[in-house]
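Q: need a structure here:
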Amino acid sequence: MHDYADHFALATDAVATPERWARAMFGNVPNLGELFIWSVMLQLRLSRKRSSSTVAGWRIVDRDDERIRLEATSWFMTADLVVRAVDGRVSLDTLIHYDRWAAHIIWPPLSAVHRALVPGVLRKAAARIQLTARPDRGEKINTPAP
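A: Residues are numbered from 1 along each chain as shown. Model prediction:
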């Protein structure tokens, strides 16, 4: 059971695996802004090293052909990010479980910032994937119609 959940989706013709989408959204390691929000404000324990078992420091806890689930915990909350890529849509679900009372105070105001940022995160990830798609890797490149 989650205390907070949201779902954002983007229709796109960019084609990639869920893990590639997650890395396009968040990178391989957290950037300074992500470190501040995730590690300082939310006190999530993140890996700071590049790894095939993490995305931006979040542990990969589950993955298949259509989705990847990332998880990070702090002393007061457990957070999951679920990226799905299927049928011309990519989506990001954020699921938060309040493990201690502090989460009830800290997450609600930050969730407003989160909801404002996520649509841009999805659009920028789609642009990154389209920009890096190459025919020699069997990936779709979007070209304008003649």
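
Q: lowest-pLDDT helix or strand in the chain?
A: helix 32-34 (a mean of 90; mean pLDDT, DSSP states H and E).

Q: Quick one: name whatever helix or strand follows that one.
A: strand 54-55 (DSSP states H and E).

Q: For this protein, which segments count as strands?
A: 4-11, 54-55, 58-63, 67-73, 77-86, 89-98 (DSSP state E).

Q: Can you mark which positions in the longest helix seen in the chain are buried?
A: Longest helix of the chain, by residue count under DSSP state H: helix 101-132. Residues 103, 106-107, 114, 118, 121-122, 125-126, 128-130 are the ones in helix 101-132 that count as buried (16 or more other CB atoms under 10 Å). C-betas here are computed from N, CA, C, even on glycine.

Q: JSON lines for the residues you listed, including pLDDT?
A: Formatted as JSON lines, those follow (pLDDT from 0 to 100):
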{"residue": "103", "pLDDT": "97"}
{"residue": "106", "pLDDT": "96"}
{"residue": "107", "pLDDT": "97"}
{"residue": "114", "pLDDT": "95"}
{"residue": "118", "pLDDT": "97"}
{"residue": "121", "pLDDT": "96"}
{"residue": "122", "pLDDT": "97"}
{"residue": "125", "pLDDT": "97"}
{"residue": "126", "pLDDT": "96"}
{"residue": "128", "pLDDT": "95"}
{"residue": "129", "pLDDT": "95"}
{"residue": "130", "pLDDT": "92"}
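
Q: so which of those residues comes closest to residue 53?
A: Nearest to residue 53 among the buried residues of helix 101-132 is residue 125, at 20.5 Å by CB to CB.

Q: residues contacting that closest one?
A: 21, 24-25, 90 (CB atoms under 8 Å, 6 or more residues apart in numbering).

Q: Adding neighbour count, write those residues out as CSV.
A: Below are the contacts of residue 125 laid out as CSV (neighbours: other CB atoms under 10 Å):
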residue, neighbour count
21, 28
24, 24
25, 21
90, 25
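
Q: As JSON lines, the strands of the chain with distance to residue 34 would be great.
A: JSON lines is the format used below for the strands of the chain (distance: least, CB to CB, whole Å):
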{"stretch": "strand 4-11", "distance to residue 34": "17"}
{"stretch": "strand 54-55", "distance to residue 34": "11"}
{"stretch": "strand 58-63", "distance to residue 34": "10"}
{"stretch": "strand 67-73", "distance to residue 34": "11"}
{"stretch": "strand 77-86", "distance to residue 34": "12"}
{"stretch": "strand 89-98", "distance to residue 34": "14"}
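
Q: Please consider this matter closed, and thank you.
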